[in-house]
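Novice: here are the coordinates; sequence isn't available:
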């Protein structure tokens, strides 16, 4: 009785030889895929091993505040705050993304670069559904500055109203 397997077309190959054939096939078929290059204005960091880093040639992001306290809200409310910032550097500031430490917090970032001397906002929205007590959430902003990550935080005290039972 003949058994069929994933490599039924090459029954004489064993163990490592089969895995090698599988990886070679994957490599062979993936070689023809074209990848788009990253735009150079996003990844341009003028530091080299020989020259070092001249921070005056970089963008720099300065927030008006890096922590915002919403105070007390009622459970189930959604609250929003705009973190205002300015590019105090010498090159265009690019924000690659902003991510929160949980799904209850969403950050919206500008889509276009921010020229030197200009400002914009990162809008942070928090959904208090299912949350109670004092909560602190962190948003990590990834930019083309050095260091490339900036942190903003929100604080909230979530009040849960008592329901009347009869």
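Specialist: Yes, it's here. In this text, all values refer to a predicted model and were calculated from it rather than measured experimentally.

Novice: So which residues of this structure form strands?
Specialist: In the chain, the strands defined using DSSP state E lie at 61-63, 67-74, 78-87, 95-100, 105-108, 119-127, 133-143, 149-159.

Novice: Any chance of CSV for those, columns distance to residue 54 and mean neighbour count?
Specialist: For every residue, glycine as well, the C-beta is placed using N, CA and C. Converted to CSV, these look like this (distance: least, C-beta to C-beta, whole Å; neighbours: other C-beta atoms under 10 Å):
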stretch, distance to residue 54, mean neighbour count
strand 61-63, 18, 17
strand 67-74, 31, 13
strand 78-87, 17, 17
strand 95-100, 22, 16
strand 105-108, 30, 16
strand 119-127, 24, 18
strand 133-143, 18, 16
strand 149-159, 20, 17
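
Novice: could these go into a markdown table alongside mean pLDDT?
Specialist: What follows is the strands of the chain, written out as a markdown table (pLDDT from 0 to 100):
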| stretch | mean pLDDT |
| --- | --- |
| strand 61-63 | 97 |
| strand 67-74 | 97 |
| strand 78-87 | 98 |
| strand 95-100 | 96 |
| strand 105-108 | 97 |
| strand 119-127 | 98 |
| strand 133-143 | 97 |
| strand 149-159 | 97 |
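
Novice: For residue 73, list the residues it contacts.
Specialist: For residue 73, the contacting residues are 79, 128, 156, 157, 158, 159, by C-beta atoms under 8 Å, 6 or more residues apart in numbering.

Novice: Kindly provide the distance from it to residue 147.
Specialist: The gap separating residue 73 from residue 147 is 32 Å, by C-beta to C-beta, to the nearest Å.

Novice: rewinding a little: pick out the most distant pair among the contacts of residue 73.
Specialist: Comparing all pairs in the contacts of residue 73 by C-beta to C-beta, the longest separation belongs to 79 and 159, at 12.7 Å.

Novice: Surely residue 146 and residue 56 touch.
Specialist: No. If you go by C-beta atoms under 8 Å, residue 146 and residue 56 don't touch, sitting 11.5 Å apart.

Novice: More neighbours: which of the two?
Specialist: residue 146 (14 against 9; other C-beta atoms under 10 Å).

Novice: so how far is residue 72 from the closest residue to residue 98 other than its chain neighbours?
Specialist: Leaving aside its sequence neighbours, residue 98 sits nearest to residue 107 (C-beta to C-beta, 6 or more residues apart in numbering; 3.8 Å). Here the criterion is C-beta to C-beta. By it, residue 107 lies 23 Å from residue 72.

Novice: what bridges to residue 156?
Specialist: Per DSSP bridges, the residues bridged to residue 156 are residue 135.

Novice: Would you enumerate the residues in contact with it?
Specialist: Applying C-beta under 8 Å, 6+ apart, we find residue 156 in contact with 69-73, 79, 126, 128, 131, 134-137.
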